[in-house]
Structures are given as structure tokens and as C-alpha cells.
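Engineer: Generate coordinates for the sequence data below:
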Amino acid sequence: MEPINNGFGGASGMSRSMEGGAAGGTLPPGLTEEEAEELRVELSKVEDEIQTLKQVLSAKERHAGDIKRQLGISPLSEIKQNISKGWQDVQSSNAYVQTKEKLGQWNESITHSNVYLTASATLDDISQSDAYKKTQEAFSQAGQMTSEALSTMGAAISQRIGTMRLGYNVHHSLSMPSMRSSPSFRSFEDKMGSIRK
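Structural biologist: Okay, here's the model as predicted:
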């Protein structure tokens with residue numbers, strides 16, 4: 001018995017010379033032995049053709065890949081091109097065009113509605129009012145003052161740490177008295193002492 005190629009490169013459970021038709025040994029109703037044999041031969045031919053076509057397709061795909069490499073077309077550029085073409089197809093589709101037109105109509109009706117125009121005019125009036133301008137100036141000044149204060153505080157902390165480092169001598173690394181005599185440490189110690197009291 002010779003196995004039939006099922007088109008996937010392997011053998012199927014069927015064979016070319018199946019006696020009696022189906023696996024149970026009986027033919028389907030209305031099918032003669034001759035017709036069954038003809039169908040088996042035709043099936044074998046079709047499966048052989050399928051296998052041949054798969055091999056040809058595989059060879060063509062390899063050849064196309066070689067040509068693309070020679071042209072400098074990378075898989076990434078192909079993906080970009082496919083996405084670009086897909087987006088162009090979406091933009092030219094009826095659904096996209098109709099949706100875009102409908103959104104444009106809604107935008108037009110909203111921006112020309114009385115509610116929108118009234119709200120816009122009210123916001124313009126508020127932004128032109130003296131109270132708004134004073135509040136805006138106050139927030140601007142507060143932001144500048146906060147920024148200056150944080151900058152000054154950062155500089156002071158850096159200076160204090162520098163002073164503490166200068167007061168800390170490597171020869172006296174095992175003794176704390178040299179650090180305690182620094183002005184920064186005394187100031188810190190005084191503050192801590194006043195908190196405890």
C-alpha cells in the first residue's frame with residue numbers, strides 16, 4: 001500500500017488502494033467500486049498538484065525575498081509601507097468619509113450654537129476683567145517668590161554642608177568635638193535643644 005500525500009508533506013491515514021472504500025470496508029451509498037477508485041486517483045492527483053504548488057510558491061517567496069534584500073527593502077520598511085497603504089485605504093473608505101463629514105457638521109453646529117457662543121463670550125469677559133488680571137499677577141509673583149525662596153534655601157543648605165565639611169578634619173575623624181565646634185552644628189544643636197525644652 002502506498003500512502004497518499006495529504007498536501008502537508010506527510011502521509012494521510014488513507015491509502016491509494018483502499019479495498020472496499022471507507023475504513024469500515026463498505027462504500028458510501030450510491031457509489032460503485034469503479035467510481036470510488038476514480039475518486040481516489042483524482043484525489044491523489046489533486047493532492048500532488050497542491051504539494052507542487054506549495055513548493056513553487058515557497059520558491060517564489062524565497063526569490064521575492066532575495067530581490068527585496070538586493071533592493072534594500074527591509075521587513076520594517078515593508079511594515080511601514082503596509083501601514084501607510086492601510087491608512088490611505090481607511091481614509092478613502094465610505095465609512096471614514098461619512099464619519100468625518102458628520103463630525104464636521106457636529107463641530108459646526110456646536111461652535112455656532114448659542115450656548116457655545118455665550119460661554120466663549122463669558123470666558124473672554126472674565127479674562128479681560130481686572131479681578132482676573134490681578135489674580136493672574138498675584139499667582140505669577142507668588143510663583144517667582146517661591147522659586148527664589150527655594151533657590152535661596154538650596155544655596156544656604158549647600159553652604160552649611162560645605163561649612164560642616166570644612167570644619168570636619170580627617171585627622172579628627174574619630175572625634176566628634178571638631179564637628180561640634182562648627183557654627184552649623186552649634187546652630188543645629190541650639191535649635192534641637194530649644195525644641196526639647
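Engineer: Number of residues surrounding residue 163?
Structural biologist: Look at residue 163: counted by other Cβ atoms under 10 Å, it has 15 neighbours. Every residue, glycine included, has its C-beta placed from N, CA and C.
Engineer: Next: residue 79.
Structural biologist: Number of residues near residue 79 (other Cβ under 10 Å) recorded here: 10.
Engineer: pLDDT value on it, please?
Structural biologist: Looking at residue 79, its pLDDT is 88.
Engineer: now swap in residue 189 and tell me
Structural biologist: 65.
Engineer: all helices of this structure, in order?
Structural biologist: Ranges of helices in the chain, per DSSP state H, are 33-71, 75-92, 94-111, 114-128, 130-167, 177-180, 183-196.
Engineer: could those helices be laid out in CSV, adding distance to residue 27?
Structural biologist: Output for the helices of the chain, formatted as CSV (distance: least, Cβ to Cβ, whole Å):
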stretch, distance to residue 27
helix 33-71, 6
helix 75-92, 50
helix 94-111, 53
helix 114-128, 79
helix 130-167, 93
helix 177-180, 106
helix 183-196, 104
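Engineer: so which of those comes closest to residue 26?
Structural biologist: helix 33-71 (10.5 Å; Cβ to Cβ).
Engineer: Same question for that closest one: list its buried residues.
Structural biologist: Within helix 33-71, the residues that count as buried by 16 or more other Cβ atoms under 10 Å are 36, 40, 47.
Engineer: Which helix or strand in the chain has the lowest average pLDDT?
Structural biologist: One helix or strand of the chain scores below all others by mean pLDDT, DSSP states H and E: strand 11-15, with a mean of 42.
Engineer: Show me which of the buried residues of helix 33-71 is closest to residue 110.
Structural biologist: residue 47 (63.4 Å).
Engineer: circling back: lowest average confidence across the helices of the chain, which one?
Structural biologist: Of all the helices of the chain, mean pLDDT reaches its minimum on helix 177-180 (a mean of 60).
Engineer: contacting residues for residue 116?
Structural biologist: Residue 116 makes contact with residue 110, according to Cβ atoms under 8 Å, 6 or more residues apart in numbering.
Engineer: And it, how far from residue 157?
Structural biologist: Taking Cβ to Cβ, to the nearest Å as the measure, residue 116 falls 52 Å from residue 157.
Engineer: swap in residue 72?
Structural biologist: To residue 157, residue 72 is 58 Å away according to Cβ to Cβ.
Engineer: just residue 93 next, same as before
Structural biologist: Counting by Cβ to Cβ, the gap from residue 93 to residue 157 is 62 Å.
Engineer: again with residue 30
Structural biologist: Taken as Cβ to Cβ, the span from residue 30 to residue 157 is 99 Å.
Engineer: Fine, thanks again, bye for now.
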